[in-house]
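Asks: predicted model follows, preceded by the sequence.
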Amino acid sequence: MAEKKNHFFAMISRMKYIKRWALMRNFHEENISEHSLEVATVAHALAVIHNKRFGGSVNADRAAVLGVFHDTPEIITGDMPTPVKYYSSQVREAYSQVEDDACRAMLEMIPEDLREEYKPYFFQQEQDRQLWKFVKAADKICALTKCIEELHAGNSDFKTAAESTRAAVKEMNMPEAECFMDEFLESYGLTLDEMTQID
């Protein structure tokens, strides 16, 4: 009997081949690997802000790990543009089923004795409910920073996306996200020289 192959981490390494923003003209093409790293760092920051400024006690490190894995089903499904994903309730429901199937397929690539450790990264568990809110907010914030960077490069295709994404973050009504936006967002529109200038 042939030994079972465990393809999980080889599949994870292919995140760098999955492009985001497929319907948009991009100055810099973004893949889900780099996007996931940015989401992880922002989700971690939101959790830290929650703990330090709003009396929370969540696990910021776990928020970062959830952020790392949040888009892994897209290795199989590809990145579906938001206007398509939310075109109708039927499309959203169908895509949700496809995502679930992709999550199950990814989990089956992990050795069975390790699978339970990875399952929460693909199927949300009640104990991580608050952390997933930070990941979702981080995902939107990182979409906004991408828009800002594209606009800064002179790409007006991202003007409407920036406005709608900024509004979506506001609508989440999360003080942690507001703190991040107030204190860190402006820098994304600066040049490297401006960011490293000594006062």
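Replies: The structure has been received and is ready for your questions.

Asks: pLDDT of the strand or helix carrying residue 93, averaged?
Replies: Per DSSP states H and E, residue 93 falls inside helix 89-107. Mean pLDDT, helix 89-107: 86.

Asks: same check, this time on stretch 10-18
Replies: Mean predicted lDDT for stretch 10-18 stands at 95.

Asks: contact partners of that stretch?
Replies: With contact meaning C-beta atoms under 8 Å, 6 or more residues apart in numbering, stretch 10-18 is reached by 31-34, 36, 71-72, 74-75, 78-79, 106, 109. The way it works is simple: take the backbone N, C-alpha and C, and place the C-beta from them, glycine included.

Asks: got those as JSON lines, with secondary structure, neighbour count and distance to residue 183 columns?
Replies: Formatted as JSON lines, the contacts of stretch 10-18 follow (DSSP: H, G, I helix; E, B strand; the rest coil; neighbours: other C-beta atoms under 10 Å; distance: C-beta to C-beta, whole Å):
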{"residue": "31", "secondary structure": "strand", "neighbour count": "17", "distance to residue 183": "27"}
{"residue": "32", "secondary structure": "helix", "neighbour count": "23", "distance to residue 183": "27"}
{"residue": "33", "secondary structure": "helix", "neighbour count": "18", "distance to residue 183": "27"}
{"residue": "34", "secondary structure": "helix", "neighbour count": "16", "distance to residue 183": "23"}
{"residue": "36", "secondary structure": "helix", "neighbour count": "21", "distance to residue 183": "23"}
{"residue": "71", "secondary structure": "coil", "neighbour count": "20", "distance to residue 183": "26"}
{"residue": "72", "secondary structure": "coil", "neighbour count": "23", "distance to residue 183": "30"}
{"residue": "74", "secondary structure": "helix", "neighbour count": "20", "distance to residue 183": "30"}
{"residue": "75", "secondary structure": "helix", "neighbour count": "19", "distance to residue 183": "33"}
{"residue": "78", "secondary structure": "coil", "neighbour count": "14", "distance to residue 183": "34"}
{"residue": "79", "secondary structure": "coil", "neighbour count": "17", "distance to residue 183": "29"}
{"residue": "106", "secondary structure": "helix", "neighbour count": "21", "distance to residue 183": "35"}
{"residue": "109", "secondary structure": "coil", "neighbour count": "17", "distance to residue 183": "40"}
